[in-house]
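Colleague: prediction below, plus the sequence it came from.
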Amino acid sequence: GFPSGGTAIPLPFRPRPPHPGCEGFLTSCVDKCKVCQPCNKFRSIDGTCNNLGTSLVSSSSTCPTNWGSTNKAFRRLTANRYQDSHSVPTGGWPVPTTLPTARAVSNHVHANAAPPVGQHTMLLMQLGQFLDHDISFTPETEIPKGCCRRNGGFPSSPHSSNCFPMQISPSDPDFPSSLTCRDLARSAPKCSTSLVREQFNAITAYLDSSQVYGSDEPLANDLRTHVGGRLKATSVSGEEYLPMISPCPVYGGSPLGKQFQAGDRRVTENPGLQSLHTVFLREHNRLADQIAALPNGWNDERIYQEARRLVIAQWQNVVYGEWLPEVLGPDAPAHGTNTAYSPTEDATIANVFATAAFRFGHSLIRGEVDMNPGGHYELTENFGDISLVYPGGEMDSILKGNTGQEMSKSDKAIHDSVRNELFKNLA
């Protein structure tokens with residue numbers, strides 16, 4: 001829902017080195033129903049068995065035990081609007097098309113160099129992105145040769161059926177007249193052999209802090225020290241920061257050097273997001289150390305799971321008790337209303353939510369982000385750059401600045417830093 005980078009995945013979906021955070025997403029056209037243990041105390045890492053449903057039934061067309069788990073096709077609340085009802089985008093391929101170009105719509109509807117400020121602080125926006133990265137991640141297909149001509153021109157025909165390049169008018173006020181094309185790949189299909197193209201969610205749909213712990217076992221294990229239930233960290237002068245890795249060769253890897261690693265590969269996107277990830281890493285390790293000090297004889301696995309369980313509970317309380325009431329307003333149901341668990345409710349994220357509804361967060365962004373103390377930083381100069389947080393040590397200033405600066409108003413206006421200049425410093 002909030003700006004996200006590093007989402008390209010290869011076709012076919014195969015693991016890639018050099019570390020689990022760089023692997024492609026392995027999907028299957030047919031779900032295998034997970035057999036669950038009803039008495040398990042801790043959540044699965046991949047979101048299965050949140051709903052026990054038909055856990056003792058070996059074959060089911062709906063698999064409630066898999067609802068909300070990784071690599072599930074987004075639910076559709078209405079029928080698709082593909083041009084051919086199967087796969088071709090509405091209006092046809094970029095050229096020819098019966099619709100205005102995406103860029104023309106953006107210039108007409110969303111342009112505003114300085115959107116008006118709202119009534120909430122930037123922390124609401126930043127927590128929204130952190131939340132988005134816990135529940136939704138739509139991978140794109142990787143197009144090795146790109147979708148535009150090498151000279152920046154628009155192709156006469158698509159290089160791949162997964163290409164959907166953005167056509168730019170020579171008169172566009174924000175791009176040079178020689179640039180008439182921007183690369184854009186389509187979201188990856190859940191099943192490449194399916195008659196109808198369906199997008200999918202590569203992470204769990206639940207508020208389970210998957211952005212901290214990961215949504216699959218290889219990544220979850222790679223994030224752990226396997227000693228005392230702790231997560232890996234970079235320690236400097238008694239302070240813990242996220243572990244460091246080399247950028248992935250694809251997925252929008254940054255040219256700026258070492259990157260942070262967390263449960264979600266979008267962790268490094270901006271300094272505010274990096275700071276929240278660091279807070280939750282520190283909280284997990286604080287809890288793990290306290291649990292390990294108790295005279296219970298628990299091993300690393302038990303300490304890790306108990307600390308993870310507490311962090312998830314804290315995060316859910318923040319979202320349901322503090323964040324959602326501010327976003328939904330006074331007409332929202334009171335916290336705790338109708339909270340009885342419903343085994344018939346499919347928690348899988350809806351396509352319209354991931355693609356449209358939660359995109360309201362884009363309008364909340366400001367291009368100049370306050371730090372307190374420390375002035376401010378420009379968003380366009382800090383995409384994918386960890387230097388403010390580490391080794392700059394500005395995490396506290398960034399978060400304190402978030403709590404004092406008004407975010408942009410929730411409306412149709414989107415700041416130029418993400419509408420025109422997203423990842424400009426990484427080009």
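Modeller: That came through, no problem. Residues are numbered from 1 along each chain as shown.
Colleague: the strands in the stretch 101-250 of the chain, which residues?
Modeller: Using DSSP state E, counting those that start in this stretch, the strands of the stretch 101-250 of the chain run over 117-121, 140-141, 166-167, 181-182, 200-201, 234-236, 239-241, 244-245.
Colleague: which stretches of the stretch 201-350 of the chain form helices?
Modeller: Along the stretch 201-350 of the chain, counting by DSSP state H, counting those that start in this stretch, helices occupy 210-213, 217-222, 271-292, 300-318, 324-328.
Colleague: what residues does the second one touch?
Modeller: Among residues not part of helix 217-222, those counted as contacts by Cβ atoms under 8 Å, 6 or more residues apart in numbering are H19, P20, G21, E23, I45, D46, Y213, G214, Q261, G263. Every C-beta, even on glycine, is put in place using the N, C-alpha and C of the backbone.
Colleague: got CSV for the residues you listed, with distance to S408 and neighbour count too?
Modeller: Compiled in CSV, the contacts of helix 217-222 are given as follows (distance: Cβ to Cβ, whole Å; neighbours: other Cβ atoms under 10 Å):
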residue, distance to S408, neighbour count
H19, 36, 14
P20, 35, 20
G21, 31, 24
E23, 35, 21
I45, 35, 22
D46, 35, 21
Y213, 31, 25
G214, 31, 27
Q261, 30, 24
G263, 28, 26
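Colleague: will you turn those residues into a markdown table that also has distance to W93?
Modeller: Below are these laid out as a markdown table (distance: Cβ to Cβ, whole Å):
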| residue | distance to W93 |
| --- | --- |
| H19 | 36 |
| P20 | 35 |
| G21 | 33 |
| E23 | 31 |
| I45 | 39 |
| D46 | 35 |
| Y213 | 40 |
| G214 | 36 |
| Q261 | 38 |
| G263 | 36 |
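Colleague: what's the closest of these to D396?
Modeller: Q261 (21.5 Å; Cβ to Cβ).
Colleague: I'd say that closest one and V267 touch.
Modeller: Yes: in terms of Cβ atoms under 8 Å, Q261 counts as a neighbour of V267; the distance is 7.0 Å.
Colleague: what is in contact with these two at once?
Modeller: L242.
Colleague: what stretches of the chain score poorly on pLDDT?
Modeller: Where the chain drops to pLDDT under 70, the residues are 1-18, 21, 23-27, 54-61, 249-254, 335.
Colleague: any idea which residue of it is furthest from its center?
Modeller: Farthest-out residue of the chain from its mean C-alpha position, per Cα atoms, centre = their mean: P295, at 38.7 Å.
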